[in-house]
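Q: I'd like to go over a predicted model; first the sequence, then the structure.
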Amino acid sequence: MKKQILTLILASTVIHAQVAEPKNPVAGDDKAPAAGKLEDISAQPIPDKPAAGKVHGRAFKVEKATLKQGRLDLWQGGGTAPHLEKFGIQISQKKDENLSGQTFTVKLTEDTGIIVILSYSGENGEPMGNRFFMGEQYTMKLEFGTAKEGKIPGKIHLRLLDEAGSFVVGTFEAEIK
């Protein structure tokens, strides 16, 4: 009898936990989407908070942002393996393109030519990993403000279709190199 009661309590707890977890997080939510599922975030507003999210299942906070030759890099960590996490977004192949005031929106059904590179530190001394995401493998909204004094402000909401539900959402200021 005690075993049956314990089983019922455990089953009830599991069901409650499954119901309590939202299946489709709202814009800016710090929860990763379910593996293999993404919602189109292109029309959602980007929250005014420092950019953060998850990289390969681990918490991520933008500590440094750079824009060089059409590529935006959002970094966390010291910049060398094995302590580095990064979202790299190859926006343009034009070296001197002015991105001030531009917005880039990628819906789930589009291939815009923008490539996203997810870099993450290895676990237990393993080498650093890189994954490339192209059209229909992510959804993104990226807005740039006006560049001045070698910096450009921006906002991003990026969600990748990976098993860990990697994402970044919020504001940043990138150094133009």
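A: Sure thing, it's come through.
Q: Can you list the low-confidence ranges for the protein?
A: Where the chain drops to pLDDT under 70, the residues are 1-37, 78-83, 93, 95-96, 123-127.
Q: one more time with 80, if that's ok
A: For the chain, the stretches with pLDDT under 80 are 1-40, 42, 77-83, 93-97, 109, 122-128.
Q: how about the helices in it?
A: 2-20 (DSSP state H).
Q: Tell me where it has strands.
A: For the chain, the strands defined by DSSP state E occupy 52-55, 58-61, 64-68, 71-77, 84-90, 103-106, 115-120, 129-133, 138-144, 151-160, 167-176.
Q: Which positions within the last one qualify as buried?
A: For strand 167-176, burial by neighbour count (16 or more other Cβ atoms under 10 Å) applies to F167, V168, V169, G170, T171, F172, A174. All C-beta spots, glycine's among them, are computed from the backbone N, C-alpha and C.
Q: And for A164, nearest residue in space, chain neighbours not counted?
A: Leaving aside its sequence neighbours, A164 sits nearest to G57 (Cβ to Cβ, 6 or more residues apart in numbering; 3.9 Å).
Q: count of residues packed around that neighbour?
A: Applying other Cβ atoms under 10 Å, we find 13 residues neighbouring G57.
Q: Next: G150.
A: For G150, using other Cβ under 10 Å, the count is 10.
Q: what are the phi and psi angles of it?
A: phi 80, psi 10 (degrees, to the nearest 10).
Q: Do I have it right that it meets E175?
A: Yes: if you go by Cβ atoms under 8 Å, G150 and E175 touch, sitting 6.5 Å apart.
Q: Would you quantify the distance from K61 to I91?
A: Relative to I91, K61 is positioned 22 Å away (Cβ to Cβ, to the nearest Å).
Q: right, I mislabeled it, should have said I46
A: 16 Å.
Q: What of A65?
A: 13 Å.
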